[in-house]
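Undergrad: Could you work out the structure for the sequence below:
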Amino acid sequence: MEKLKEQTIKETGQEMYFDEKTAQTMIEREENAEHILTAQTVENIFLSEIKAKPELRITELGAGAHPKRYQNLLEFLKTNKSTLQWIDQAPIMLDAAKKQIPNEQYIDFIKAEMVSYLKKNKNEFDALILKYSFNYVISVSLKEWLKIMKESLKNEGIVIATLNLYEGGLKPRSFNASYTIDGEPVIQGYKPKHEDIIEIHFLKTGGDKSPNPETFADTKIIYYSPKEIKKAAEKAGFSNVTIFDDWSKNEKWLKRFKENYPNSEIKPKAILLLKK
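TA: Numbering: from 1, shown residues only. Now for the predicted structure:
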């Protein structure tokens, strides 16, 4: 079982989160305006869509190291006497998360791999949040992944996930990373095909424009087309499947975001909303 677990970590490109030095670098790099804005966006959508009632069970999958960004959600948990399960398989990330809010009684920090964790917990959760992790699951098919999520939810449960849609096409390099497919640099503007595995190589020096920049960590994600996500989610039995290439096109979400975060920038972000 332990060997299988190690293979899963390697196959899904998560090794960097198990190395102390590399993981700490990633934790520090993720302390930026872009990541904070993503958390605010997801939190806002959750609070707009959840049916508020006591003792809700909410689970964030592949949660990472920064729970303190969820100020409004944390207040919601207290008011509704609800619980957020903070799921991550990397002990280093969980330890960092616990240090941010050590006395928070409404969060359960749980070391677990998200697919296997959901398989063990059927009809348990009112909501699943996947802030970055939806496209990181390579160990099972899209159809199976959505089926597992649906079965873990209670009736009327919801899923909120950010998506990697690349509407404008891929680029070979961003400020912090370079990108390859099958080891070959992506061509500027390349539109990924369904189930392309995109390899991400984090630059040692942000903004490095040299031909062969030095990198310090690698991971990978899988691209799913909106058409295939919708088809697989409907086959899995979700009663409502909505994909936004830009979350701010939803007037209800946008209005609430402006009220809660009047000083925050509004940026496009692809969002998947599923309802059981």
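
Undergrad: How many residues are close by the closest residue in space to K171 that isn't next to it in sequence?
TA: In space, and not counting its chain neighbours, K171 is closest to Q188: 5.5 Å by Cβ to Cβ, 6 or more residues apart in numbering. C-beta here means a position set from N, CA and C on the backbone, and glycine is covered the same way. By other Cβ atoms under 10 Å, 10 other residues sit near Q188.

Undergrad: Over to E184?
TA: Number of residues near E184 (other Cβ under 10 Å) recorded here: 9.

Undergrad: beta partners for it?
TA: Assessed by DSSP bridges, E184 has beta-bridge partners I181.

Undergrad: The chain should start at 332 in everything you say after this.
TA: In the new count, where the first residue is 332, that last one comes out as E515.

Undergrad: For L534, see how far away it is.
TA: 18 Å (Cβ to Cβ, to the nearest Å).

Undergrad: Next up, phi/psi of I528, please.
TA: Note on I528: backbone dihedrals following degrees, to the nearest 10 are phi -100, psi 120.

Undergrad: Surely it is in contact with I512?
TA: Yes: using Cβ atoms under 8 Å, I528 is in contact with I512, at 6.8 Å.

Undergrad: returning to what we had before: go ahead and confirm the residue nearest to K502 touches P503.
TA: Yes: using Cβ under 8 Å, Q519 makes contact with P503 at a distance of 6.2 Å.

Undergrad: Might you report the residue contacts of T573?
TA: L603, L604, L605 (Cβ atoms under 8 Å, 6 or more residues apart in numbering).

Undergrad: mind redoing it with 6 Å?
TA: By Cβ atoms under 6 Å, 6 or more residues apart in numbering, the contact list for T573 reads L604.

Undergrad: ok, for K524, nearest residue in space, not its chain neighbours?
TA: Y554 (7.3 Å).

Undergrad: any idea how far M424 is from that neighbour?
TA: From Y554 to M424 the distance is 24 Å (Cβ to Cβ).

Undergrad: so how far is L368 from Q420?
TA: For Q420 relative to L368 (Cβ to Cβ), the value is 25 Å.

Undergrad: the more surrounded of those two?
TA: When neighbours are counted by other Cβ under 10 Å, Q420 and L368 differ, and Q420 comes out ahead with 23 against 17.

Undergrad: Pull the residues that contact the host helix or strand of L405.
TA: When elements are assigned from DSSP states H and E, L405 belongs to helix 402-411. Helix 402-411 has contacts (Cβ under 6 Å, 6+ apart) with E374, A383, P385, L415, Y437, N591.

Undergrad: Secondary structure and distance to A564 added to those residues, as CSV?
TA: CSV is the format used below for the contacts of helix 402-411 (DSSP: H, G, I helix; E, B strand; the rest coil; distance: Cβ to Cβ, whole Å):
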residue, secondary structure, distance to A564
E374, helix, 22
A383, coil, 25
P385, coil, 29
L415, strand, 24
Y437, coil, 29
N591, helix, 28
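
Undergrad: List just the nearest of those residues to K478.
TA: In terms of Cβ to Cβ, no member of these lies closer to K478 than L415, at 23.8 Å.

Undergrad: show me the contacts for the closest one.
TA: So L415 contacts I389, L408, I438 (Cβ under 6 Å, 6+ apart).

Undergrad: Mind listing the strands the lengthiest strand in the chain pairs with, and their directions?
TA: Longest among the strand segments of the chain by residue count, using DSSP state E, is strand 484-493. Here strand 484-493 is paired, per DSSP bridges, with strand 456-461 (parallel), strand 602-606 (antiparallel).
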